[in-house]
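>>> Structure for the following, please:
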Amino acid sequence: MSAGSMPKGFVYLYDVDPSIEQDMRYAGPNNFTRQPVPGYDAAECVLVREAAEALKAAQTDLKPMGLSLKVYDCYRPKQAVAAFVDWSKEPDNPNAKLEHYPDLHKSALFPEYIATRSGHSRGSTLDVTIVPLGSSPADTDDEDGIACTEAQPSDNSVDMGTGFDCFDPKANTDAPGLTPEQQRNRTLLVDVMSRHGFKNYPKEIWHYTFEPEPYPDTYFDFPIVPRPASGKS
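Predicted coordinates:
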């Protein structure tokens with residue numbers, strides 16, 4: 001499928017705001033499955049245009065503070081969701097378990113934390129954090145041997161109390177026991193995103209959906225392919 005075959009209304013985030021950092025975890029091995037996920041043929045954030053434009057507006061709010069948004073996941077093809085379900089039936093990888101779901105069995109992740117029918121597939125949902133403007137991700141992969149509930153950010157994210165895809169109550173937006181810095185960072189993210197039409201999923205501080213959704217009842221399965229060199233999607 002070519003980039004030009006994306007459904008009407010979908011865009012590459014880079015074409016709307018190239019200043020928003022992208023760390024598309026499911027396009028590579030740095031995720032809870034420890035391998036690239038089917039459907040992610042390029043490390044690109046794809047969204048419906050309304051969500052991309054709203055994200056650009058949120059980025060404009062953060063820049064004067066010396067901060068930037070960073071997205072970990074955006075549109076997610078249905079085939080990727082199916083791959084997550086298949087992964088749940090495989091034996092555990094001890095390091096992946098420790099980092100992403102230290103106190104849960106794989107089977108408990110569905111549907112509590114990983115949906116079998118994901119809102120990401122509708123194109124308006126994304127996973128996002130805040131990073132210092134102009135910073136670079138640390139040259140590291142997952143923090144093997146350290147529980148996600150205890151580790152400091154392994155990338156350039158500000159400290160949110162857990163890393164991305166930490167399937168644990170500590171990742172709940174209003175989780176107790178956070179440090180003042182972690183609470184401030186979470187509050188800032190929620191505030192800036194909500195000002196521009198994004199609703200937070202309360203069990204995951206990084207998870208937001210733009211409302212109203214242009215495709216509230218449609219789950220797409222087109223693969224994410226490289227962005228055309230011309231920048232036109």
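
>>> Any idea how many residues pack against the nearest residue to Ser107 once chain neighbours are set aside?
Leaving aside its sequence neighbours, Ser107 sits nearest to Ser88 (C-beta to C-beta, 6 or more residues apart in numbering; 6.3 Å). From N, CA and C alone the C-beta is placed, and that goes for glycine too. Residue neighbour count, defined by other C-beta atoms under 10 Å, stands at 17 for Ser88.

>>> Repeat that for Val192.
By other C-beta under 10 Å, 21 other residues sit near Val192.

>>> Quick check: it vs Phe167, distance?
Separation of Val192 from Phe167 (C-beta to C-beta, to the nearest Å): 25 Å.

>>> next one: Asp155
Distance from Asp155 to Phe167, by C-beta to C-beta: 18 Å.

>>> Dump the C-alpha coordinates for the lowest-mean-pLDDT helix or strand in the chain into CSV.
Every helix and strand of the chain was ranked by mean pLDDT, DSSP states H and E. The lowest is helix 94-100, at a mean of 89. In CSV, the C-alpha atoms belonging to helix 94-100 read as follows (Å, rounded to 0.1, in the frame of the first residue of the first chain):
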residue,chain,number,x,y,z
PRO,A,94,11.5,-12.1,31.8
ASN,A,95,13.1,-8.7,31.0
ALA,A,96,10.0,-7.5,29.1
LYS,A,97,7.8,-8.6,32.0
LEU,A,98,9.9,-6.7,34.5
GLU,A,99,10.0,-3.5,32.6
HIS,A,100,6.4,-3.4,31.3
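
>>> and that helix, which residues are buried?
Ala96, Lys97, Leu98, Glu99, His100 (16 or more other C-beta atoms under 10 Å).

>>> Any chance of the residues you listed in a markdown table with distance to Arg25 as columns?
Below are the buried residues of helix 94-100 laid out as a markdown table (distance: C-beta to C-beta, whole Å):
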| residue | distance to Arg25 |
| --- | --- |
| Ala96 | 12 |
| Lys97 | 17 |
| Leu98 | 17 |
| Glu99 | 12 |
| His100 | 11 |
